[in-house]
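Trainee: Here is my input; please provide its structure:
(chains A and B)
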Amino acid sequence: MLAQVVAVIIFIAMFLFIVTEIVERHVVSLVCALLTVIFVFGLGMHSMTAVIETLNIKSIFMTEFWYLSGETSGNSSGINWETILFIFGMMVMVEGMARVGFFRWLCMRIARLVHYQIIPLFVTFMILSTILAMFIDSITVILFLAAVTIELSQLLKFNPIPMILSEIFCANLGGSATMCGDPPNIIIGTSLGYSFTDFVTNTGVIAGVCLIAVLAYFYLLFRKELLAGGPKTVDYDSLPSPESTITDKKGFAVSCVIFAAAIVLLITHAQTGLTVSTIGSLVAVATLVTSWKYAILLLKKVDYKTLLFFIGLFVVIGGLEQTGILEIMAGFIGRISGGNVMVMIAIIIWLSAISSAFVDNIPFATTMIPIIKSLSATYGVDLSMLAWTLAMGTDIGGSATPIGASANVVGIATASREGYVIKWGLYCKKMMPATVIVVLISMLLIYFRYL
Amino acid sequence: MEKQLIISVGREYGSGGHEIAERLSTHYGIQLLDHNLLDEIAAKKNVKMDHLRTLDEKHKNPLSSRTVRGYSSSPEENMLYLQFDYLRDKADAGESFVIVGRCSETILKQYENMISIFVLADRDKRIERIMRLYHLTESEAVKKIREKDTNRRRYHNSFCVGKWGDCRNYDVSLNSSKLGIDGSVKLLTDYIDRRRQ
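Mentor: Numbers count the residues shown, from 1 in each chain, chains lettered A, B, ... in the order given. Take a look at the predicted model:
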């Protein structure tokens, strides 16, 4: 009982400190992890086994961490090293791509393809944001898209805020479509043993349908604002050519090959048996070897704070899991729903969406994974269906407020630093209805397809 | 070519710090930047910023904002960075100006031609000044001074390591009550001239 109370106190304290940003979140999660080891596992449970299970170091030395010869049930206990290694690898690859100018080139190439016409630019940038976010982190996607959007808005004389808001929403939506699109999905996939294909054929299909609704919503919402001032004549000479944005031609070609290889490896990983940790390691090594001159620079640019945050977080959630708190929470959800699957899905998707709108979706998703496992085991509900519900709720819910997802923060900051300050009122007025629409569509699609 | 001069003026509300900044600007024939900073930025970036005046010199609300990899969703913080970037660009370009508040003593610290001043005053003199300028009763003036100083302190301290009004952050901390506005300006111009020699 003491261990349970302490685990909950540490968890709540961690959330409060993360939200208030008094201390950086990786410091908060690591300190809370240390407190969990000492007070929950040590003084509360007197269990060295719980410590070893939560630290999960031995998983790295097992064959299935790198290669799977058959089905896997995944591993939701303790530190998910597979997630850490995969995210690290993708960060290295993305830094390599950014160095050679890949993202800026892609944005400028597409802008030129649509002849710099504002509405086609608006639609294609939304689609580009969705597709890129399926494979790389949404922060990088928005960082480049928002910067190019502002640059083009100054040259073509339009208000960039509608376009940036739409790109943010689509980046979060794209993240929900694949296993590697958003950290909650990677954690869900590796913890529950789902493949890239599993995500694409489930959350990917839902995200695809939602994208159509989102394109229509934002088009109707922003059309007049974007076209204010009448048609624009474009002086091509005043615009940077896509090729001029490439800083290293050879490196650019190599980066394209590595990115394509990463996509192929991810799509086929259920068939090849290569785990995401192996794929992450391969793309990191390939990037560092081919850009050896810049290897130190690329390694320095990796966001280690986020990786450390994950490590601490997994330990704190491990404390809740080992003490049985998450099972109690699962029982609570089960009782409220009365075992009714439709109600259960509605609770999970809306609870996830609303929570993710205000707090970091990564701790929330990590907490919910053992809960949905327990719900599935107790009520005989299909676990994968609950997993897709959780993924859609956490990934989409974050779009509702300026603080809900990393992409929102980066997009808002990038626009604001150029004079286009986006306040809460403006953001929520445009994005909250879109979020509600997409969560609703996702819920109905889940009902329609799985029940 | 005239040597660059940047004067940063922090001030307690009612201390006459703004008037001193204006006089220094006139004395040296250099631009005064205060509330007009937003207009300058708006003109340079060709954007409308009138609706953002409420964010100027306001502290961020940690509960309604989030930071990711150094990027912040706080409008107040972003407004501040916008002003910081603009001021640094101006300083880099070798321009001379007087800047009132806006954490300028911290963000422009690395420029050797920057002189930072903090103007304070005795409480009774500040109340008297605010009552006279805004036709307020004593209690209204006290309330206004408390509100304004609290806001300035919270704004400054939420973005800077050094504390607002702490004499260790400024080249000169001056009590304007003792010499009056004219005497304070004379003393400051004397100090600035010696620094520039």
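Trainee: from here on, contacts and neighbour counts on C-alpha atoms
Mentor: OK.
Trainee: ok, which residues in chain A are in contact with chain B?
Mentor: Chain A comes close to chain B at residues A:19-21, A:303, A:402-403, A:406, A:408-410, A:412-414, A:416-423, as judged by CA under 8 Å from any CA of the partner chain.
Trainee: Restrict the residues you listed to the buried ones and give me that as a PyMOL selection.
Mentor: Restricted to buried positions by 16 or more other CA atoms under 10 Å in any protein chain shown, the PyMOL selection for these reads:
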select buried, chain A and resi 19+20+21+402+403+406+408+409+410+412+413+414+416+417+418+419+420+421+422+423
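Trainee: Just say helix, strand or coil for the residue nearest to residue A:135 when sequence neighbours are not counted.
Mentor: Closest residue in space to residue A:135, ignoring its immediate chain neighbours: residue A:181 at 5.3 Å, by CA to CA, 6 or more residues apart in numbering or on different chains. Secondary structure, DSSP: H, G, I helix; E, B strand; the rest coil: residue A:181 is coil.
Trainee: Just the pLDDT for the residue of the stretch 151-300 of chain A found nearest chain B.
Mentor: Here the stretch 151-300 of chain A gets closest to chain B at one residue, residue A:154, 8.5 Å apart by CA to the nearest CA. On pLDDT, residue A:154 comes in at 85.
Trainee: ok but it is inside a strand, no?
Mentor: No - going by three-state DSSP, the assignment for residue A:154 is helix, not a strand.
Trainee: What is the longest helix of chain A by residue count?
Mentor: Longest helix of chain A, by residue count under DSSP state H: helix A:424-450.
Trainee: Based on its surroundings, how many neighbours for residue A:302?
Mentor: For residue A:302, the tally of surrounding residues (other CA atoms under 10 Å in any protein chain shown) stands at 19.
Trainee: Would you mind measuring from it to residue A:295?
Mentor: Separation of residue A:302 from residue A:295 (CA to CA, to the nearest Å): 11 Å.
Trainee: ok and the residue in the stretch 251-400 of chain A nearest chain B?
Mentor: In the stretch 251-400 of chain A, the residue that lies nearest chain B is residue A:303 (7.8 Å; CA to the nearest CA).
Trainee: Do I have it right that that residue meets residue A:90?
Mentor: No - using CA atoms under 8 Å, residue A:303 is not in contact with residue A:90; the gap is 10.9 Å.
Trainee: would you list every one of the strands in chain B?
Mentor: B:6-11, B:31-33, B:67-68, B:71-72, B:97-100, B:114-120, B:172-175 (DSSP state E).
Trainee: Which phi and psi values does the spatially most central residue of chain B adopt?
Mentor: Residue closest to the mean C-alpha point of chain B, counted by CA atoms, centre = their mean, is residue B:101 at 1.2 Å. Dihedral pair for residue B:101: phi 60, psi -140, per degrees, to the nearest 10.
Trainee: Please point out which parts of stretch A:439-446 sit buried.
Mentor: A:439-443, A:445-446.
Trainee: Give me the nearest residue to residue A:91, chain neighbours excluded.
Mentor: That would be residue A:302: by CA to CA, 6+ apart, it lies 5.9 Å from residue A:91.
Trainee: just residue A:150 next, same as before
Mentor: Spatially, and ignoring its direct neighbours in sequence, residue A:150 is nearest to residue A:160 (5.7 Å; CA to CA, 6+ apart).
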